[in-house]
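# missing the sequence, but the structure's below:
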């Protein structure tokens, strides 16, 4: 039986090097697990590390972090265990914040840049991904937009454990 991994207490505050978990093909080389109960979320080779800037809340919509790298998962059937939150319409201000986080200004004296509009429009929904066993999360997002975009699944590399 695998040993239980320790949960990172404050995602984003601890420096994290995802390169130890990604191969030359940008696929995950290790199992991805829930940081609380160690339940298996994804097997090795099932997710691709992509560059995408999105905001993910912690406990409330006002708290969270913007990440620039995400594990992209091709289908909901790829997951070993996952649960989905209630849907948030893409027209909701929280959805706009998730998909288009404010860009950081190059000059600290300038006002922060305004968020860009989501490129996928406002028809569709977002759901948060959490652990199916203990409901810890969110540690990922499901974005459902009209074709050709369709369904997209993302896991935040700093919000999960690896084995």
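Yes, it's here. Remember, predicted model here, so these are calculated numbers, not experimental data.
# counting contacts, what elements does the worst-scoring helix or strand of the chain on mean pLDDT pack onto?
In the chain, no helix or strand scores lower on mean pLDDT, DSSP states H and E than helix 93-99, which sits at a mean of 88. Applying 3 or more C-beta pairs under 8 Å, 6 or more residues apart in numbering; DSSP states H and E, one finds that helix 93-99 contacts strand 48-57, strand 88-89, strand 125-130. C-beta: built from backbone N, CA, C; applies to glycine.
# switch the cut-off to 7 Å
The contact analysis (3 or more C-beta pairs under 7 Å, 6 or more residues apart in numbering; DSSP states H and E) places helix 93-99 against strand 48-57, strand 88-89.
# and of these, who's closest to residue 82?
Nearest to residue 82 among those is strand 48-57 (14.9 Å), distances taken as C-beta to C-beta.
# Now do the closest one, average pLDDT.
Throughout strand 48-57, pLDDT has a mean value of 92.
# And the pLDDT at residue 137?
pLDDT at residue 137 comes out at 88.
# likewise residue 25?
93.
# helix, strand or coil for it?
Assigned with DSSP: H, G, I helix; E, B strand; the rest coil, residue 25 falls in the coil class.
# Grab the nearest non-local neighbour of it.
Closest residue to residue 25 apart from its sequence neighbours, by C-beta to C-beta, 6 or more residues apart in numbering: residue 48 at 7.9 Å.
# swap in residue 30?
Nearest non-adjacent residue to residue 30, counting by C-beta to C-beta, 6+ apart: residue 162, 4.4 Å away.
# My read is that the one you found contacts residue 21, right?
Yes. Residue 162 is in contact with residue 21 according to C-beta atoms under 7 Å; the separation is 5.0 Å.
# Please enumerate the shared neighbours of the two.
Common contacts of residue 162 and residue 21 (C-beta atoms under 7 Å, 6 or more residues apart in numbering): residue 30.
# neighbour-wise, which of the two wins?
When residue 162 and residue 21 are compared for neighbours, residue 21 comes out ahead with 21 against 16, by other C-beta atoms under 10 Å.
# low pLDDT regions in this structure?
For the chain, applying pLDDT under 70 flags the ranges 1-16, 59-62, 102-122.
# switch to 90 and redo it
1-20, 22, 57-65, 86, 90-91, 93-124, 137, 145-150 (pLDDT under 90).
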